[in-house]
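Colleague: kindly generate the corresponding structure for this input.
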Amino acid sequence: MANTRTVWGRRRAGKYETGLWELREALWSRISELEALLKTKTEQGPPPSSAVQVLAEQAFRELEEARSALRHDHPRHLPAAHLAVAQTHFDVAHILMLRLSPLDDVRAMLPGLVSFIREQLPVSDERRVQVEEIALAVRTGGSLDGAQREVLVDAVAVARQGYLRENIRVRSFTRIVYGMSAALAVIAVLVAVFGGISPKTVPLCFNPEGIGVVCPTASAPQGQNPNPDGDVDDLYAMVASRWDYLVVEFVGLVAATVAAATSLRRIRGTSTPYNVPVALALLKLPTGALTAVLGLLLMRGEFVPGLRALDSSAQIIAWAVIFGYAQQLFTRVVDNQAQSVLNSVRGPNAVPSKPVREPQAPPA
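Modeller: Presented below is the predicted three-dimensional model:
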């Protein structure tokens, strides 16, 4: 019956799944494994003491809470937030298992626990220093007592909290990038709409000497000016098209897409359920559309020395491509920050901020 409920719950979770399915299944399997270990420690051998029984019952409750979070069959969960909640309950259950396990079992698990503590706690952390001293004493033939286990359990709990905070930081950064992408996309759409409604207000046109007026989608010689006095603004108004801004933004968008695909080579993948590379790529798209427009406006205003006027529509489109790709200069800072945030979620392949030093045995 319990297995039937578990299978039903997992199928129902798949219906509402919003995070990475592989991570959910991996955590679900670890919950089952830890539950089996707890049952083995409490149901075999002599009856456990009342203190051990209390710890075991609370651990089983935490595992059930973790399963309930993984089902997340209610809409208030944020994407992938259920994984962090379930991981928190699982961590508490694991800490309780360390407290109720015999000291010999904890000693057998010591290498893995020390490795995790080294990944999450800095070298100067006093808890890590004490844990490494305990590990050195055990490796040299010493025994593990109750007080040392408390030090170890406390360090593991702090390390797990640090790992959770780093994952939450990744989620917060990803949501900020998504929000900025959406805001820039709205601005780009508004610019294209306003440029289509009133193309004569700020035309993306140039007036090269001896040629006339050149716009992204059309051009006209100076002789076609409807104003006999030769006012170039009238010729701008005649040649400017409602498609100019849209064409320039589209070209900048395409160039930014190429830049986004190229920049992904420097972003390593992440095991977190938050897709940082996709968020960065989406940020570049509206940024490229806007930098293409702004770059042409700067050239039209003679802001760039030596580039006062473009001679043809093809040149305007070519410079739109360059300015769209040049958004990489502005988003590179965000890329670097993203890599820093991903590196903060340490793991076996992460480069530690300081070299790991083995504790030295005290002099005899």
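
Colleague: now do the helices in the stretch 151-300 of the chain.
Modeller: Along the stretch 151-300 of the chain, counting by DSSP state H, counting those that start in this stretch, helices occupy 232-239, 244-263, 276-300.

Colleague: out of those helices, flag the one nearest Leu83.
Modeller: Closest approach to Leu83 among those (C-beta to C-beta): helix 276-300, 15.6 Å. Using the backbone N, CA and C atoms, a C-beta is placed for each residue, glycine as well.

Colleague: and the next element down the chain from that closest one?
Modeller: Sequence order places helix 313-325 as the next helix or strand after helix 276-300, per DSSP states H and E.

Colleague: which residues sit against that next one?
Modeller: The list of residues contacting helix 313-325 from outside it, by C-beta atoms under 8 Å, 6 or more residues apart in numbering, reads 204, 206, 214-219, 247-248, 251-256, 258-259, 288-289, 291-292, 294-296, 299, 310.

Colleague: now render the helices of the stretch 151-300 of the chain as JSON lines, adding distance to Leu144, mean pLDDT and mean neighbour count.
Modeller: Converted to JSON lines, those look like this (distance: least, C-beta to C-beta, whole Å; pLDDT from 0 to 100; neighbours: other C-beta atoms under 10 Å):
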{"stretch": "helix 232-239", "distance to Leu144": "83", "mean pLDDT": "69", "mean neighbour count": "18"}
{"stretch": "helix 244-263", "distance to Leu144": "49", "mean pLDDT": "90", "mean neighbour count": "21"}
{"stretch": "helix 276-300", "distance to Leu144": "40", "mean pLDDT": "88", "mean neighbour count": "22"}
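
Colleague: so for Met109, which of the ones you listed sits nearest?
Modeller: When the helices of the stretch 151-300 of the chain are compared by C-beta to C-beta, helix 276-300 sits nearest Met109, at 32.2 Å.

Colleague: tilt between that closest one and helix 244-263?
Modeller: Between helix 276-300 and helix 244-263, the angle formed by their directions is 140 degrees, by axes from the mean of the first three to the mean of the last three C-alpha atoms, to 10 degrees.

Colleague: and helix 276-300, what other elements does it pack with?
Modeller: helix 146-197, helix 244-263, helix 313-325, helix 328-344 (3 or more C-beta pairs under 8 Å, 6 or more residues apart in numbering; DSSP states H and E).

Colleague: next, format those helices as TSV and append distance to Leu38.
Modeller: Putting the helices and strands packed on helix 276-300 into TSV (distance: least, C-beta to C-beta, whole Å) gives the following:
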stretch	distance to Leu38
helix 146-197	16
helix 244-263	47
helix 313-325	57
helix 328-344	32
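
Colleague: hey, least reliable of these by pLDDT?
Modeller: Lowest mean pLDDT of the helices and strands packed on helix 276-300: helix 328-344, a mean of 79.

Colleague: which strands and helices lie in contact with that helix?
Modeller: Helices and strands touching helix 328-344, by 3+ C-beta pairs under 8 Å, 6+ apart, are helix 146-197, helix 244-263, helix 276-300.
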